[in-house]
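Peer 1: starting from these lines, generate the structure:
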Amino acid sequence: MAETTSRILALLNLLQTHRQWAGGELALRLGVTERTLRRDIDRLRELGYRVAATRGAAGGYRLEAGSQLPPLLLTDDEAVTMAIGLRVAATQGLSDGEQTTLSALAKFEQVLPAALRQRVNAVAGFVQPQSARPDDAPVSQELLGQLALACRDRERIRFHYESGGGVPSDRVVEPHTLVASTHRWFLVCWDLQRSDWRTFRVDRMSRFFGTRVRFAPRALPGEDAAAFVARSVAALQRRLSAEAHLRLPLATMREYFGPWANDAEAIDAEWTRWPISGDSLETMLAALVWIPAGVEYTLHGSPEFLAFAAEAAERMRGAVPANSPVATERG
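Peer 2: Coordinates of the predicted model:
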């Protein structure tokens, strides 16, 4: 009986690590016949685990979500990692993250053996996560979970993305991993349309769709995913940048700009500093059209950008016919 129980626990552990297993491969891993495997699958079903079986060359066994959460089987290392991850998640800008993750952590650590709890406390004492900034957009825990599953299962995904400059696009990618960096969550992936590695801020993603198309993993260029994100963020910060100083209180400016005001800062009670950036002078200048009509503002940046903005303003002013109502009113 003890041997059977151990084998069923080993089977459950395997089913929890991959989306689908071929029956022959599972039986080989467990050292049993496929007939014994089928009996063990039935025992798991009796315990409340929903294990789906499909026939054919592409068939196999798959652990599905049920109507309630069954017990999870974790190794000691997985339990320690999960407890530390919950502590970090509480500070990483998840929507309702602090309340939800701390509640889950309390339940989880309550059942940890004393030795594992000591390991968690020892490791967590040297983990200093960055707290999310008040201006950061919250990240959907549901979306973060969907992305994590896609990374684990090597499944191509589609999603809608809004860049920092407000440019919308629809992407098809091969997700590699998720990284928490600079107060935000990033997806590291291979962008099929760009044929290159890319990082995407999760809080700017929407309309997620799993394609169920599997892909072979690719090797990241250089270091690990965290280092890749750090380089990408640094590269973005080295892009062309400037500032618009708006005669609007920060709270009013945020009402107008919504999430695009995340990086704005109050200069004083009357003026707000709004950073703008882009890959080109044209992209930076295009951001200025979002400033509401009638709002006074000044530009601050490199001489190249200021000269480009002044020349563009002259060209646009000259493009308005002299007999137009606007030109007549200004004249």
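Peer 1: and the residue nearest the centre of the chain?
Peer 2: residue 202 (3.0 Å; Cα atoms, centre = their mean).
Peer 1: got a pLDDT number for residue 139?
Peer 2: Looking at residue 139, its pLDDT is 71.
Peer 1: next one: it from residue 147, what distance?
Peer 2: In this structure, residue 139 and residue 147 are separated by 10 Å, where distance is defined by Cβ to Cβ, to the nearest Å. No exception for glycine: its C-beta is placed from N, CA and C like everyone else's.
Peer 1: repeat for residue 53
Peer 2: Between residue 53 and residue 147 the distance, using Cβ to Cβ, works out to 28 Å.
Peer 1: neighbour-wise, which of the two wins?
Peer 2: residue 147 (25 against 12; other Cβ atoms under 10 Å).
Peer 1: spit out the contact partners of that one.
Peer 2: When contacts are counted by Cβ atoms under 8 Å, 6 or more residues apart in numbering, residue 147 is found next to 157, 175, 178, 187, 202, 208.
Peer 1: with those residues in mind, which one is nearest to residue 316?
Peer 2: Closest approach to residue 316 among the contacts of residue 147 (Cβ to Cβ): residue 202, at 37.2 Å.
Peer 1: can you pull the contacts of the closest one?
Peer 2: If you count contacts by Cβ under 8 Å, 6+ apart, residue 202 has them with 139, 143, 144, 147, 178, 184, 185, 186, 187.
Peer 1: now those residues as CSV including distance to residue 4?
Peer 2: Output for the contacts of residue 202, formatted as CSV (distance: Cβ to Cβ, whole Å):
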residue, distance to residue 4
139, 43
143, 40
144, 37
147, 37
178, 38
184, 47
185, 42
186, 45
187, 42
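Peer 1: just the residues you listed: which are in strands?
Peer 2: 178, 184, 185, 186, 187 (DSSP state E).
Peer 1: pull the contacting residues for the first one.
Peer 2: Spelled out, that is residue 178. Contacts of residue 178 were listed using Cβ under 8 Å, 6+ apart, and they are 144, 147, 148, 151, 185, 186, 187, 188, 202.
Peer 1: recalculate using a threshold of 10 Å.
Peer 2: 144, 147-148, 150-151, 185-189, 202, 225, 229 (Cβ atoms under 10 Å, 6 or more residues apart in numbering).
Peer 1: next: the last one.
Peer 2: When the contact criterion is Cβ under 10 Å, 6+ apart, the partners of residue 187 are 143-144, 147-148, 150-151, 157, 159, 161, 171, 173, 175-179, 198-202, 205, 225, 229.
Peer 1: which of the residues you listed count as buried?
Peer 2: Buried members of these, scored by 16 or more other Cβ atoms under 10 Å, are 143-144, 147, 150-151, 157, 159, 161, 171, 173, 175-179, 198-202, 205, 225, 229.
Peer 1: next step: those restricted to strands.
Peer 2: Judged by DSSP E, strands contain the following of those: 157, 159, 161, 171, 173, 175-179, 198-201, 205.
Peer 1: out of those, which one sits closest to residue 301?
Peer 2: The closest of these, once distances to residue 301 are taken by Cβ to Cβ, is residue 201, at 23.7 Å.
Peer 1: that closest one contacts residue 143, doesn't it?
Peer 2: No - the pair residue 201 and residue 143 does not pass the contact test of Cβ atoms under 10 Å, sitting 11.7 Å apart.
Peer 1: shared neighbours, these two?
Peer 2: Overlap between the neighbourhoods of residue 201 and residue 143 consists of 185, 187, taking contacts as Cβ under 10 Å, 6+ apart.
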